[in-house]
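[1] with the input below, show me the fold.
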Amino acid sequence: MFKRLPYGNSNFGKVIEENFCYIDKTRYIELLENESNSYQFFIRPRKFGKSLFFSTLLHYYDLNRAGDFEKLFGNLYIGKNPTPRKNSYMVMRFNFSGINTASEDDFKVSFFQNVQDTVLLFIESYSNLIPNADDLIQKINEEKRGINALRVAYGAAESAGIKIYVLIDEYDHFANDLIAMGSQLGDGVYRRVTRANGLVRDFYETLKIGTSDVLDRIFITGISPVMLDDLTSGFNIAANLSLKLAYNEMMGFTQEEVDAMMKATGVNPEHIIVDMAMYYDGYLFHEDGKRRVYNPSMVLYFFNQVLDEKKPPKNIIDDNLKTDYGRIQRLVQNEENREQLLAVAKENGIASNIISKFSIDRMEDTEYFISLLFYMGLLTIDKFEKGRTLLKIPNYSIQTIYWEYIERLTRDVNERVVFNLINLNDAIVDLAYRGNLVSYVDYVSQNVFSRLSNRDLVRFDEKYIKIMLLNELFQSRLYVPVSEMEVENGYIDIWLERSPLLPDIRYEWAWEVKYLKKEDEGQLPAKKEEALAQLEKYRRSDRFKDRTDVRYAALLFTGKDHYEIAEL
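    Sure thing, here's the model as predicted:
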């Protein structure tokens, strides 16, 4: 009997009790408990399994669940190797994902209420152990204690003679929202709530007070370290384990774990007709990590469709995973960061050190901005070389986010750039089924390139052209366009592979892209000869030898509004 696929399920108890497949990560509970610092901070990109791990900790340490230990953990690593602190805590769990950030007043009210409600639930959950629990609940409700309700919880736990374990999920969610709002709400709000006498600072200072006696452990998760520096003086006790080698694979799936999930849930390998690793794998969080990991939400999304429809999803890239456009837009308000983002997209990566914590005041510094892209999952570690960390775009799914962002940015700042979906689709159908390249290149040239502003022309080069060509093709879903695909005789500028869902597409394409400024158009014949010679090498490679469905073309652009096509 196959196990159920846990798509969209982050409740550990439900996953185990209702026969969902669970990838056993419980060995990390042992590692975390053996850390010298019991106040811990750990971040990973969105949709990376943080909430499920958070729930696993809750079920493992909650003393109210001691009777369920064997049922929940008996078949897992930690069930066979239990630690001394299992089911020994009152667990207080915060989730800051639902804080109202519409205005400063709304934020303050919502944050206070969130903290107070969490404390009330905590006291109610352990009312059988806490003397006068009902009186404490009534007192908090009447006096609207807010953050000061934490002190009531400390007293309650102390009177019960039991230590507290605090779990904080989405610790930075409201901070990211405030920062993304930018001028709408003002960066000043963020500064006021996280710095001296601010309510968020007060919350963490009150947590720190509890560690002197009754608060024994803290585990904090989120997607960025953006508040760590701003909260340092109020909460300087937590160890940041995010970049520690031992935890490289704590969240995310290794290839072996993906294979195990397929077997456990009955995913038929014959229905996997796409390269999953290309789409979803590639994340590395320490340069010495032995194995890269898949984004688990991407994998579950894919497997869910395969199980339901016996084929991959129409949209292989889950739209829910795409980074919010407005949030990126806020991060690249300054020209330098926009250029850095474009450079990453062009080069498929960048060399930069990773900053472990930083303040909002440094968001516009290049190294801090690149680090934030890393924490958001838009970059990952490639390797360590010559004293610097080389970062790269982790997979094809994330690469398309860059393409789409740059295309949308181009349209936002160039009102003359147009988008006619019918004409574009017709042009790509011509390309795929009739082998007619002219209509597609003509569409992009007339509707995009020739309409660019002088600002965009400054960075107009072969790689910029490639990004725009790639995104337009990606949007059609007929092709899987790949930049710089490696073959035995070099790297193809643009490789158009037919969608695995459309095997009737007649032609795949290999393109070499060349660009000349107007004043250099005399070099066009030499550039054309160079491009055709390279294409001939690709055609003679083992990969393409004897294939009649592959077409080879040189796309030569001169200035922003002239082009020439040469086919082998």
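
[2] ok, which stretches of the protein are strands?
    Taking DSSP state E to define them, one finds strands in the chain at 39-43, 90-95, 164-169, 215-222, 239-240, 349-351, 380-385, 388-392, 479-487, 490-498, 508-516, 550-558, 562-567.

[3] tell me the mean pLDDT for the second one?
    Averaged across strand 90-95, pLDDT comes to 97.

[4] going forward, count from 56.
    Sure, I'll start numbering at 56, so the last one becomes strand 145-150.

[5] picking up where we left off before, could I get the strands of the chain as a markdown table with mean neighbour count?
    Glycine gets a C-beta too; all of them are placed from N, C-alpha and C. Compiled in a markdown table, these are given as follows (neighbours: other C-beta atoms under 10 Å):
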| stretch | mean neighbour count |
| --- | --- |
| strand 94-98 | 22 |
| strand 145-150 | 21 |
| strand 219-224 | 23 |
| strand 270-277 | 24 |
| strand 294-295 | 15 |
| strand 404-406 | 18 |
| strand 435-440 | 16 |
| strand 443-447 | 18 |
| strand 534-542 | 18 |
| strand 545-553 | 20 |
| strand 563-571 | 21 |
| strand 605-613 | 21 |
| strand 617-622 | 15 |
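
[6] any chance of these in TSV with distance to residue 479 as columns?
    TSV is the format used below for the strands of the chain (distance: least, C-beta to C-beta, whole Å):
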stretch	distance to residue 479
strand 94-98	39
strand 145-150	42
strand 219-224	42
strand 270-277	39
strand 294-295	46
strand 404-406	29
strand 435-440	32
strand 443-447	30
strand 534-542	13
strand 545-553	15
strand 563-571	16
strand 605-613	17
strand 617-622	17
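
[7] quick one: low-confidence ranges for the stretch 456-605 of the chain?
    Across the stretch 456-605 of the chain, residues meeting the criterion (pLDDT under 70) sit at 468, 470-471, 473-474, 509-510.

[8] do that again at 80, thanks
    Applying pLDDT under 80 to the stretch 456-605 of the chain picks out residues 463-476, 507-514, 544.

[9] same check, this time on the chain
    Where the chain drops to pLDDT under 80, the residues are 231-243, 250-252, 281-290, 374-390, 412-420, 463-476, 507-514, 544.

[10] would you mind giving the domain segments of it?
    If the domains of the chain are taken from automatic domain parsing, they occupy 79-300, 310-375, 377-447, 471-622, with pieces of a single domain joined by a plus sign.

[11] distance between the third one and the chain's centre?
    Right, the one you point to is domain 377-447. Per C-alpha atoms, centre = their mean, to the nearest Å, the displacement of domain 377-447 from the mean C-alpha position of its chain is 13 Å.

[12] what does the shortest one give?
    For domain 310-375, the distance between its averaged C-alpha position and the chain's averaged C-alpha position is 15 Å (C-alpha atoms, centre = their mean).

[13] how long is it end to end?
    Distance across domain 310-375, first residue to last, is 23 Å (C-alpha to C-alpha, to the nearest Å).

[14] one step back: closest one to residue 464 among the domains of the chain?
    If you check each of the domains of the chain against residue 464 by C-beta to C-beta, domain 377-447 wins as the nearest, at 7.4 Å.

[15] just give the number of residues close to residue 181.
    One way to gauge burial is a neighbour count; for residue 181, by other C-beta atoms under 10 Å, it gives 22.

[16] please apply the same query to residue 544.
    Residues contacting residue 544 under the criterion other C-beta under 10 Å number 17.

[17] now do residue 342
    The number of residues packed around residue 342, counting by other C-beta under 10 Å, is 16.

[18] pull out the CA atoms of stretch 123-133 and give them to me as CSV.
    Once non-C-alpha atoms are left out, stretch 123-133 reads as follows in CSV (Å, rounded to 0.1, in the frame of the first residue of the first chain):
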residue,chain,number,x,y,z
ASP,A,123,2.0,9.7,21.4
PHE,A,124,5.7,9.4,21.2
GLU,A,125,5.9,5.8,20.0
LYS,A,126,3.1,6.2,17.6
LEU,A,127,4.6,9.4,16.0
PHE,A,128,8.4,8.7,16.2
GLY,A,129,8.8,5.0,16.8
ASN,A,130,9.8,4.3,13.1
LEU,A,131,12.0,7.3,12.8
TYR,A,132,15.6,7.9,13.7
ILE,A,133,14.8,10.0,16.8
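
[19] contacts for that stretch next, please.
    Applying C-beta atoms under 8 Å, 6 or more residues apart in numbering, the set of residues contacting stretch 123-133 from outside is 67-68, 71-72, 77, 79, 81-82, 84-85, 114-115, 120, 134-135, 137, 141-142.

[20] distance from the chain centre to the lengthiest helix in the chain, please.
    The helix spanning the most residues in the chain, taking DSSP state H as the definition, is helix 159-180. Relative to the chain's own centre, helix 159-180 is displaced by 28 Å; criterion: C-alpha atoms, centre = their mean.

[21] what do you get for stretch 257-272?
    31 Å.

[22] got the buried residues for that stretch?
    257-263, 265-266, 269-272 (16 or more other C-beta atoms under 10 Å).

[23] same deal with stretch 70-88?
    Counting neighbours by 16+ other C-beta under 10 Å, stretch 70-88 gives 70-71, 75-78, 80-81, 83-84, 87-88 as buried.

[24] format these as CSV; extra columns: distance to residue 315.
    As requested, the buried residues of stretch 70-88 are arranged in CSV below (distance: C-beta to C-beta, whole Å):
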residue, distance to residue 315
70, 15
71, 16
75, 14
76, 8
77, 11
78, 7
80, 12
81, 15
83, 17
84, 20
87, 23
88, 25
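
[25] residues in contact with stretch 301-310?
    Stretch 301-310 is touched from outside by 78, 80, 83, 86, 97, 99, 103-105, 108, 296, 316, 332, 336, 338-341, 344-351, 354, with contacts defined as C-beta under 8 Å, 6+ apart.

[26] distance from that stretch to the middle of the chain?
    Relative to where its chain is centred, stretch 301-310 has its mean C-alpha point 15 Å off (C-alpha atoms, centre = their mean).

[27] for stretch 505-518, same thing?
    Averaging C-alpha positions (C-alpha atoms, centre = their mean) puts stretch 505-518 29 Å from its chain's average.

[28] helices or strands next to the longest helix of the chain in the packing?
    Here helix 159-180 is seen to pack against strand 145-150, helix 188-198, helix 204-215, helix 228-236, helix 242-249, helix 254-265 when contacts are counted using 3 or more C-beta pairs under 8 Å, 6 or more residues apart in numbering; DSSP states H and E.

[29] nearest to residue 457 among the domains of the chain would be which one?
    Closest among these, once you apply C-beta to C-beta, is domain 377-447, at 4.0 Å.

[30] measure the closest residue to residue 460 other than its chain neighbours to residue 165 for me?
    Spatial nearest neighbour of residue 460, chain neighbours left out: residue 383 (5.8 Å); criterion: C-beta to C-beta, 6 or more residues apart in numbering. According to C-beta to C-beta, to the nearest Å, residue 383 and residue 165 sit 25 Å apart.

[31] same thing with residue 84?
    The separation that residue 84 has from residue 165, given C-beta to C-beta, amounts to 32 Å.

[32] go on, residue 107?
    Distance of residue 107 to residue 165, computed by C-beta to C-beta: 25 Å.

[33] can you check residue 457 too?
    Relative to residue 165, and taking C-beta to C-beta, residue 457 is found at 34 Å.

[34] now residue 325
    When distance is defined by C-beta to C-beta, residue 325 is 50 Å away from residue 165.

[35] try residue 318
    Applying C-beta to C-beta, the value for residue 318 to residue 165 is 45 Å.

[36] and the closest residue to residue 372 other than its chain neighbours, what does it touch?
    With C-beta to C-beta, 6+ apart as the measure, residue 452 is the residue that lies nearest to residue 372, at 4.6 Å, once sequence neighbours are left out. If you count contacts by C-beta under 8 Å, 6+ apart, residue 452 has them with 334-335, 350, 353, 371-373, 376.

[37] tell me the two of those that are most distant?
    Longest span within the contacts of residue 452, C-beta to C-beta: 350 and 371, 12.9 Å.
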